[in-house]
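Asker: Let me see the structure of the following:
(one chain, ligands or ions: 1)
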Amino acid sequence: MKYWIDTEFIEHPYTIDMISLGLVAEDGREFYAESSEVDWSKASRWTLQTVRPQLQGKGMPRETISNAVRLFTEHDPKPVFWGYFPAYDWVAFSWLFGGLADLPFHFPQLCLDIKQWAIELGDPELPHQTGQRHHALADARWTRQAWTFLCGLDPNGAERCATGRKNPDQVA
Ligand SMILES: [Mg+2]
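Answerer: All right, here's what the predicted structure looks like:
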């Protein structure tokens, strides 16, 4: 099953501190969680002014979030994750479980990138995001919209999935 993912985070060399996580599943279910462990002292003015006011304020420890993600994806033998410029999101997401090698074994180690797919297709203009922005669940919903748009241009490309592990012989 596909999952569209977005996180809000504080990027501050050399940390990526996850603030919130949104997931939209192909079957319509949605997941949203906020971290109670954010170090706001590293946040930019933009993050404090744009992201923080949109939070619901019911943060939970990262470990609790990771357990909830396991439940959310339970019984799915082959999850596929899609993000938009997801490099940082994927680091923040992977760290919920420890690291890349600690992801649940059936999770792919790679998040597919809407932007990369768009570039392959000549970089068409993606649907504009209306309403709430820079909120992880709202952005994850838009990522699905963007995927749906690209799927209309390239139905075969929409079914790609990440397989294999970066280091197949690595024992965590
Ligand atoms: Mg976002």
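
Asker: for the closest residue to the ion within the chain, what are its contacts?
Answerer: The nearest approach of the chain to the ion comes at residue 139, 3.5 Å away (Cβ to the ion). In this view, the C-beta of every residue, glycine as well, is placed from N, C-alpha and C. Under the criterion of Cβ atoms under 8 Å, 6 or more residues apart in numbering, the neighbours of residue 139 are 6, 22, 84, 129, 133.

Asker: Assess the claim that residue 96 and residue 64 are in contact.
Answerer: No - applying Cβ atoms under 8 Å as the test, residue 96 and residue 64 come out as separate, 9.7 Å apart.

Asker: With neighbour numbers in mind, choose between the two.
Answerer: Higher neighbour count among residue 96 and residue 64: residue 96, with 23 against 14, using other Cβ atoms under 10 Å.

Asker: which one is the more buried one nearest to, not counting chain neighbours?
Answerer: Among residues not flanking residue 96 along the chain, residue 66 sits closest, at 4.0 Å (Cβ to Cβ, 6 or more residues apart in numbering).

Asker: Just among the contacts of residue 139, which is most surrounded?
Answerer: With neighbours taken as other Cβ under 10 Å, the top of those is residue 6, carrying 29 neighbours.

Asker: Secondary structure element for it, which one?
Answerer: If you go by DSSP states H and E, residue 6 is part of strand 2-12.

Asker: helix or strand right after that strand?
Answerer: For strand 2-12, the succeeding helix or strand toward the C-terminus, using DSSP H and E, is strand 15-25.
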